[in-house]
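1. need the 3D shape of this:
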Amino acid sequence: MRALCKALYEVLLDTIRVKSIQFAITMSFIFITVTVMLIISLVLYNKFSKTAESSALINTQQIVEQVQFNLENYIKGMADTFEVVDAKIAKSRGIPSDKLTEQLETIASTREDIVSINLFAADGELITGLQNAGMRKNTRLLEQSWFKSALDNPNHLSFSLPHIQNLFKDPYRWVVSMSKGVSIEHGGKWEDAVLLVDVNFKTLDDVFRTVSLGKKGYVYIIDDSAGNIVYHPQQQLIYIGLKYENVEQALKFSYGKYMDVSEGESRLNVVRTVNNIGWKIIGVSYMDEMITTRKEISTFMIWLLVIVLIFILLISSFMSARISKPIKRLKKSMEMVEKGHFDTYIHVRGADEVEQLSRRFNLMVSRVRELMDQNIHEQEIKRKNELEVLQSQINPHFLYNTLNSVVRMVGNGKNEEVVTTITSLSKFFRISLSKGKNIITIADEIEHIRNYLIIQKMRYKDKFDYDIEVDEEVLPYKTLKLILQPFVENSLYHGIEYMVDEGHIHISATKIDDKIQLQVRDNGVGMSEETLKNIMIGSVKSDKGSGVGLRNVHERIQLYFGADYGVKVESELEEGTVVKIWIPAILEEE
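-> Residues are numbered from 1 along each chain as shown. Purely as a prediction, here's the structure:
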C-alpha cells in the first residue's frame, strides 16, 4: 500500500511539471482521493474482520447456550416424569398390582418418547412394568451400568449413555436409560429394587441435528466423568473411538472456549455444562469459514477502491476540462438563453474539450427547443381532441336518425316507445354536455351509454341486445366523458350491423388494484390482425360513428392520466371484438 502511494506521488510530480493544468488538477484530485480511500479501507478492513470474528464467536456461544437450555428443559421434563413414576410405585402396596400397571400406562401415554417403564428386583427379576414382549435371555442385566449405578447409589437418579436396549424381545431401540434404586413392598416384605425408564434417543438426536454452526460446524455432547460421547453427528464415534475430538481439553472446562487443530484445520470449541447430570455440550466452529469472511471483505474493499478510483477519475476529468476561459463565453450564451433566446448558438475553437463543451451546449439548446415544440404540438393535439369530443357530443347524423325514428313511432301510435326514446335522448345529451366538464363520474358515463343503447335498441329492434355489468364500488370514481360511446357505436355499425344473427353487446366496469377497467365486448364480425394494427396506428379511418375513433380516445386518456393508461383492443374474425379501457381509480377530479 505504501509503495502504491509513493508511485502515485511520483506520477503526480511529473504530471504537474509536464502536463496541462487541467490534467494536473485531475491527477491531484485522484491522488488525494486514493490516499484517503486506502486509509479508510485499511481501517474498515480491520474493523470488519474483528467484528466478523466476534460475531462468529457470539453466534457459536448463543447456539450452544440455546442447545444447553433446550437439553436442560428436556431432561428436567423427563426427570419430573420419572419422579411421578417413582411416587406412584412408592405409594403402591402389594406390587405388582393392576392399579399400578394402569397408572404407569397413563403416565407413559403422556410422553411419546418413553420406550418402557420397568421395576426390577435386586437379583434382576422383573417385578412389573410396561413392555410389549418378554425378556430376552442372557441380557446380563446385573452387569449393566445403569443397574449397578442404581444399586450403588440408591435414591439417586442416574442417566446412562445412549445404548441399544436389549432387555426385551422388541425391535432394538436406541435409548437413554434413567434408573434409580428404590424400596418397595413385594411379597409382604420390603426389599430393594431398581426403577428403569428408557427414553427414545431419537428425540434428542432430532433436536441436535437441526443445530448448525456455519457450513461445517456442529455440536456434540460428552459425559463429565470419562469423556464418553453421549451424542455426536457421526454417532459411530461412540463405538469406534475418538479420532479428532479433543475431549481431554473439553473436560477441563465447565464454561469456556479453546482452540484445537484437527486434520490440519483450526477449530473454535465452546463448552457449556448441563446442570444436574454433568453432560458437557461442545460447539465446534471452523476458523477457515471466518477467514473466508475476511477474504470476502478484502475482495470487496479492493473492488470498492477500484470503482471509486474510476469514478473519481471520470468526475475529476469532467471538472478540470471545463476550468478555462471559454466558460465565460458560455455563461454569456446561457444568459441569452435564460432571457428566452433559444436560437442562440456558440462556436468556440480551442482545445478539443472546449469544442465538445460548445457542441453539447448547442445540442442542449436544440433539445430544449424541440421539447418546447413538442409541448406545443401536444397541446394542439389535446385541444384538437377536446374539440372533436365536443363535436361528437351533438352528432347531427345520430340526432337526425333518432328524431326520424321518433316520428315513425308517433305515426305508428307507439307512444310509450316515443316517451322512452325522447327521455333517453334528453338524458343522453344532458350527460354529453355535462356543463362543459370533461371529467364525470363512471356512474354518469354508464348512464350515458345506457341511454345511447336504449335509443339504438328502439331503432334496431331485434337486431341486437345488450347487458351492463358494473361493480357498485366503481360508480363514484372519475373518468373522461364519452369514452364508451365510440366503441359501442363501432360495435353496432362495424360489427353487428353486418351480422345475420342477433348481436350482443356486453359492457362492464371493474376495479383492479388501483386501476379501473371499462370493457366493451361484442360478438360481431370482428376484424383481422392487420386491420386492428392499422386502426391502432391511425391509418384507417371510418366515415361512420361519432367521429372520435379508437386512437383519439386512447390519446385523450394518456394526455389526461399518463402513459400507463389507455385502450387495448382484441379482435378475431367471426368471433367478435373486446375493447379494454384502463383509467386510474381516482375519486376527485385532478
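2. from residue 437, how far off is residue 102?
-> With distances taken as C-beta to C-beta, to the nearest Å, residue 102 is found 86 Å from residue 437. (C-beta placed from N, C-alpha, C; glycine too.)
3. for residue 189, same thing?
-> Distance from residue 189 to residue 437, by C-beta to C-beta: 108 Å.
4. equivalent analysis for residue 515, please.
-> Using C-beta to C-beta, one obtains 22 Å as the distance from residue 515 to residue 437.
5. out of these two, which sits in the busier spot?
-> Per other C-beta atoms under 10 Å, whichever of residue 515 and residue 437 has more neighbours is residue 515, with 14 against 10.
6. correct me if wrong: the more buried one contacts residue 561.
-> No: assessed by C-beta atoms under 8 Å, residue 515 is found out of contact with residue 561, at 9.9 Å.
7. which residues do these two both contact?
-> 583-584 (C-beta atoms under 8 Å, 6 or more residues apart in numbering).
8. wait, what's in contact with residue 90?
-> 182, 184.
9. for the chain, longest helix please?
-> helix 21-91 (DSSP state H).
10. let me know the next secondary structure element after that one.
-> helix 98-109 (DSSP states H and E).
11. so which elements touch the helix or strand following that following helix?
-> Per DSSP H and E, the first helix or strand lying C-terminal to helix 98-109 is strand 114-121. Applying 3 or more C-beta pairs under 8 Å, 6 or more residues apart in numbering; DSSP states H and E, one finds that strand 114-121 contacts helix 21-91, helix 98-109, strand 126-130, strand 173-186, strand 189-200.
12. now do the second one: which elements does it pack against?
-> I take that to be helix 98-109. helix 21-91, strand 114-121, strand 126-130.
13. quick check: buried residues in it?
-> Neighbour counts over helix 98-109 (16 or more other C-beta atoms under 10 Å) mark 100-101, 103-104, 107-108 as buried.
14. just to revisit the earlier point, looking at the longest helix of the chain now, give me its mean pLDDT.
-> Mean per-residue pLDDT for helix 21-91: 79.
15. so what's residue 297 up against?
-> 45, 48-49, 52 are the contacts of residue 297 under C-beta under 8 Å, 6+ apart.
16. possible to save those residues as CSV with distance to residue 288?
-> Shown next, in CSV, are the contacts of residue 297 (distance: C-beta to C-beta, whole Å):
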residue, distance to residue 288
45, 18
48, 18
49, 14
52, 13
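17. among those, which pair sits farthest apart?
-> Maximum pairwise distance in these, criterion C-beta to C-beta, is 10.5 Å, between 45 and 52.
18. so residue 159 sits against residue 176, correct?
-> Yes: in this structure, residue 159 is within contact of residue 176 by C-beta under 8 Å, at 6.2 Å.
19. now the element after the host helix or strand of residue 516, going C-ward?
-> Applying DSSP H and E as the criterion places residue 516 in strand 515-522. Per DSSP H and E, the first helix or strand lying C-terminal to strand 515-522 is helix 529-536.
20. from the contact counts, what lies against the next helix or strand after that following helix?
-> Moving toward the C-terminus from helix 529-536, the next helix or strand (DSSP H and E) is helix 550-561. Under the contact criterion of 3+ C-beta pairs under 8 Å, 6+ apart, helix 550-561 touches helix 352-393, strand 478-480, helix 485-490, helix 529-536, strand 566-572, strand 576-584.
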